[in-house]
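In: The amino acid sequence is not available; the structure is as follows:
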DNA sequence: CTGATATGTAACCATCTGGTTACTAATGAC
DNA sequence: GTCATTAGTAACCAGATGGTTACATATCAG
């Protein structure tokens, strides 16, 4: 799953109205735009923008049927994130809250420090000031 | 999990830089702000804003230690969404892609229609027009 | 055809987002 | 104490987001 696709999915889900729309379409597949509008106080155009966002994220599919646009829920993107998380973070599901414990109790003096800080890039100044001295290594 | 909390989590995850930051902190718990900055070309202030967003979403915790702010990953919010999805959408994990098939093949004449369209709210006009006249006569 | 319904498009506006620079404050090393 | 380092705050800016109104098009019911 490309980062852009992921952005689209998370951003689409990052709005309560859109999550509600998703729930509604999931509950009544084949409904049209006005059906969705009936649930909200915002304008039809606003609803359509939400629908576009959800379609961009591929969380909804739609099909033109006469005057209507029929809407359907699509679980695939959620499934893909689900899969990523279950693999990516699977160890954490096992650990549960142990990371919190670590953060509070375990971290006193040790600093695991960096893993691969590549560029040491400098925006303007700020990092230029660092050139002279370096410490904390020996 | 409150809708606002959910918004915060999804919006925090809806940005590739923030997801990368999350990965970095997860890989090196206890790192400080400058450690994170070393991975990016953007300014430290921009990184801090991302860190604030992640802390708002409770995806990161931090602890002030001398000059440094030490950062730790927190899996709880992701775990909660994970749990919501596995229960909320569990049937869909079974169905897999059948909803797509339905959308393309199954939906021909039937319209499951609404489930509880409440208000029939009207923003300004648009829905007012549904009772009386029309204007498109010129 | 006439007119109502359903969707689509365009232009506008306020606020949020993600970035910047400039400056301030606290702490650690010598 | 002095000064570099780390973090925080404030003000600014371009572009995205989420909302609006006005208008346009397409289809369905007579």
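Out: Right, received. Where do you want to start? Here the structure is a predicted model, which is why all the values come from computation and not from measurement. Numbering: from 1, shown residues only, chains lettered A, B, ... in the order given.
In: ok, so what distance separates the one residue in chain A that gets nearest to DNA strand D from chain B?
Out: Taking Cβ to the nearest atom of the strand, DNA strand D has its nearest neighbour within chain A at residue A:66, 2.3 Å off. To be clear about C-beta, it is placed using only N, CA and C from the backbone, and glycine gets the same treatment. For residue A:66, the distance to chain B equals 11 Å [Cβ to the nearest Cβ, to the nearest Å].
In: Not counting its neighbours along the chain, what's nearest residue A:68?
Out: Among residues not flanking residue A:68 along the chain, residue A:32 sits closest, at 4.1 Å (Cβ to Cβ, 6 or more residues apart in numbering or on different chains).
In: when you scan stretch A:19-37, is anything in it near DNA strand D?
Out: No: Stretch A:19-37 stays clear of DNA strand D (Cβ under 7 Å from any atom of the strand), getting no nearer than 9.7 Å.
In: And that stretch, what's buried?
Out: Under the neighbour-count criterion of 16 or more other Cβ atoms under 10 Å in any protein chain shown, stretch A:19-37 has A:19, A:21-22, A:24-26, A:28-32, A:34-37 buried.
In: Tell me if it is near DNA strand C.
Out: Yes: counting by Cβ under 7 Å from any atom of the strand, DNA strand C has neighbours in stretch A:19-37: A:32-34, A:37.
In: what about that stretch, how long is it end to end?
Out: 14 Å (Cα to Cα, to the nearest Å).
In: Pull out the buried residues from stretch A:55-73.
Out: A:55, A:57-62, A:68, A:70-73.
In: Okay, and which of the residues you listed map to strands?
Out: A:60-62, A:68, A:70-73 (DSSP state E).
In: And the residues you listed, which two are furthest apart?
Out: A:68 and A:73 (16.7 Å; Cβ to Cβ).
In: if we can go back for a sec, for the buried residues of stretch A:55-73, give me TSV that also has pLDDT and distance to residue B:43.
Out: Converted to TSV, the buried residues of stretch A:55-73 look like this (pLDDT from 0 to 100; distance: Cβ to Cβ, whole Å):
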residue	pLDDT	distance to residue B:43
A:55	97	35
A:57	97	30
A:58	96	34
A:59	96	34
A:60	96	37
A:61	96	40
A:62	96	41
A:68	96	49
A:70	97	47
A:71	97	42
A:72	96	43
A:73	95	41
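In: follow-up on the earlier one: any idea which of the buried residues of stretch A:19-37 is the one closest to residue B:10?
Out: Nearest member of these to residue B:10, counting by Cβ to Cβ, is residue A:19, at 8.5 Å.
In: mind listing what that closest one touches?
Out: Applying Cβ atoms under 8 Å, 6 or more residues apart in numbering or on different chains to residue A:19 gives the contacts A:13, B:3, B:6.
In: Count the residues that sit near the last one.
Out: Put plainly, it is residue B:6. 20 (other Cβ atoms under 10 Å in any protein chain shown).
In: With the second one instead?
Out: Residue B:3 has 12 neighbouring residues, counting by other Cβ under 10 Å.
In: that older thread, quick one: the residue nearest to residue A:68 and residue A:70 touch, right?
Out: Yes: the criterion here is Cβ atoms under 8 Å, and residue A:32 meets it with residue A:70 at 6.0 Å.
In: which ones among the contacts of residue A:19 are found in helices?
Out: Among the contacts of residue A:19, DSSP state H puts A:13, B:3, B:6 in helices.
In: could those be laid out in a markdown table, adding pLDDT and distance to DNA strand C?
Out: Converted to a markdown table, these look like this (pLDDT from 0 to 100; distance: Cβ to the nearest atom of the strand, whole Å):
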| residue | pLDDT | distance to DNA strand C |
| --- | --- | --- |
| A:13 | 95 | 14 |
| B:3 | 91 | 14 |
| B:6 | 93 | 13 |
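In: Which residue ranges of chain A form helices?
Out: Taking DSSP H, the helices of chain A run over residues A:3-13, A:16-27, A:33-37, A:44-56, A:76-88, A:90-95, A:98-101.
In: Quick check: which of the ones you listed is nearest to residue B:50?
Out: Comparing these against residue B:50 with Cβ to Cβ, the closest turns out to be helix A:3-13 (14.0 Å).
In: any residue of the closest one up close to DNA strand D?
Out: Yes: residues of helix A:3-13 contacting DNA strand D under Cβ under 7 Å from any atom of the strand: residue A:11.
In: any residues touching that helix, and which ones?
Out: If you take Cβ under 8 Å, 6+ apart as the criterion, helix A:3-13 is touched by A:18-19, A:22, A:53-54, A:56-59, A:77-78, A:81, B:10-11, B:13-16, B:19.
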